[in-house]
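Engineer: this one's structure only:
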């Protein structure tokens, strides 16, 4: 697909676009059509794609639409930009055709009610990661959903796999936001992503079998697999060029859209190589997707959306998007594993509270969930910028900031000789609940993980002031 050969591909691209849900934003539809053409090799690796002006004119769409689609393709690694020479299709590994079209948009649009913020929650400290803006939660809307969930049939025990309507709303959401084509029958509702990983470990891993876990990564994941006696190996996203190093493992847990906590993104060529390796070796890939809803820019497509061989298990949670006390997460699993996972679920706890699931399904179906996330994404972006500005105007300005690509936290890098664990403990005594970066990678560089989602301007300023009090003297004494 080059400038001179554009006319030969116009019809094919129009056909690709026509097969995609018309309710999706125009840039998303174009992104999906181009991605599918790239994966099917209709557009060869190394080919130069048309300029935004040329393609917009050929398709009769706005140039901004093409620009946004190109930017998302570059972010996911399907296009590479060469300075002064335009954009080219990346050379990607061969993989069987995948189903990436047919994304569905969220339905139901109703007016949003302004909410009176509650009193400040005293149970969390300043700059604490992973805590959402609870003062901005739409309490009245949630209360209405809860009220509608209480009826005699719903007071009985529900399906151990999870409420059917909630599972349907989840697959609708994942289709529209993450490009995933799945059926509600593939969803298992859990009490959070941690329980989801526990189900995976207990069903798929035997004692002594090798499991690959990401560094840096969430410590709770490692504890789950230690519990079943797995032989744990570690890897870093940056080192995944050598797939042979992972040829032995039975299962790999990875955060391809946004590594926790640094925000690294796994590009398309490595995603496809991982899928090929998992298929060849009969291993499993567990995609931990903890807060992609708050990524800067459009959410990247899930690794699951590229998997047509049923080797990927997707784990999601509502604890960060709504509130931690909800305790609802989910797995999306290959069809061949569903019966096994549901049988295990019956043994573990028999299923979750039915009213909470029914309320969440209603909250999603009437559009309140999507509206809340749009508001929070804007708010968290503003609060991230506020925190970065406060740091740049403080005594900590010379410490590098690692922006995790949106989300709910950023990382402040510290000198190599510093003990970030001891520093985090000192900060807790001051009321700042920053996390030591080495908590997630003991062999990595020291740093602090600073949350910003839960704190307004005054609390952010106070948090940075306390950071200066603890960290500043150590900086001046270097």
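Structural biologist: Looks like it came in fine. In this text, all values refer to a predicted model and were calculated from it rather than measured experimentally.
Engineer: what's the burial count for the closest residue to residue 166 other than its chain neighbours?
Structural biologist: When the adjacent residues along the chain are set aside, residue 166 lies closest to residue 361, with 3.9 Å between them (Cβ to Cβ, 6 or more residues apart in numbering). Yep, even glycine has a C-beta here, placed from its N, CA and C like the rest. By other Cβ atoms under 10 Å, 22 other residues sit near residue 361.
Engineer: Distance of residue 361 relative to residue 311?
Structural biologist: Separation of residue 361 from residue 311 (Cβ to Cβ, to the nearest Å): 29 Å.
Engineer: what about the strands in the chain?
Structural biologist: Counting by DSSP state E, the chain has these strands, from start to end: 79-82, 86-89, 187-190, 210-214, 231-235, 251-254, 284-288, 312-317, 329-332, 401-403, 409-413, 435-436, 447-451.
Engineer: what about the fourth one, distance to the chain center?
Structural biologist: Here the centre of strand 210-214 is set off from its chain's centre by 19 Å, with Cα atoms, centre = their mean, to the nearest Å.
Engineer: which stretches of this structure form helices?
Structural biologist: Per DSSP state H, the chain has helices spanning 6-18, 26-39, 52-59, 63-76, 139-149, 164-178, 193-204, 219-227, 268-281, 338-348, 354-365, 368-392, 420-430, 457-476. These are given in chain order.
Engineer: which sections of the stretch 351-478 of the chain are below the confidence cut-off?
Structural biologist: Low-confidence regions of the stretch 351-478 of the chain, defined here as pLDDT under 70, cover residues 477-478.
Engineer: repeat for the chain
Structural biologist: Where the chain drops into low confidence, which here means pLDDT under 70, it does so at 1-19, 21, 23, 95-123, 152-157, 242, 245, 477-478.
Engineer: please redo it, this time with the cut-off set to 50
Structural biologist: Scanning the chain for pLDDT under 50 picks out the ranges 1-8, 11, 98-122.
Engineer: What's the separation between the most centrally placed residue in the chain and residue 320?
Structural biologist: The centroid of the chain falls nearest to residue 292 when counting by Cα atoms, centre = their mean (2.8 Å). Here the criterion is Cβ to Cβ. By it, residue 292 lies 10 Å from residue 320.
Engineer: The strands of the chain: which one's closest to residue 469?
Structural biologist: Proximity of the strands of the chain to residue 469 was assessed by Cβ to Cβ; the nearest stretch is strand 447-451, lying at 14.0 Å.
Engineer: what angle sits between that closest one and helix 420-430?
Structural biologist: Angular relation of strand 447-451 and helix 420-430 on a 0 to 180 degree scale: 40 degrees, by axes from the mean of the first three to the mean of the last three Cα atoms, to 10 degrees.
Engineer: Identify the residues contacting strand 447-451?
Structural biologist: Taking Cβ atoms under 8 Å, 6 or more residues apart in numbering as the criterion, the residues outside strand 447-451 that touch it are 127-131, 261, 387, 402, 408-414, 420, 423-424, 427, 433-440, 463, 467.
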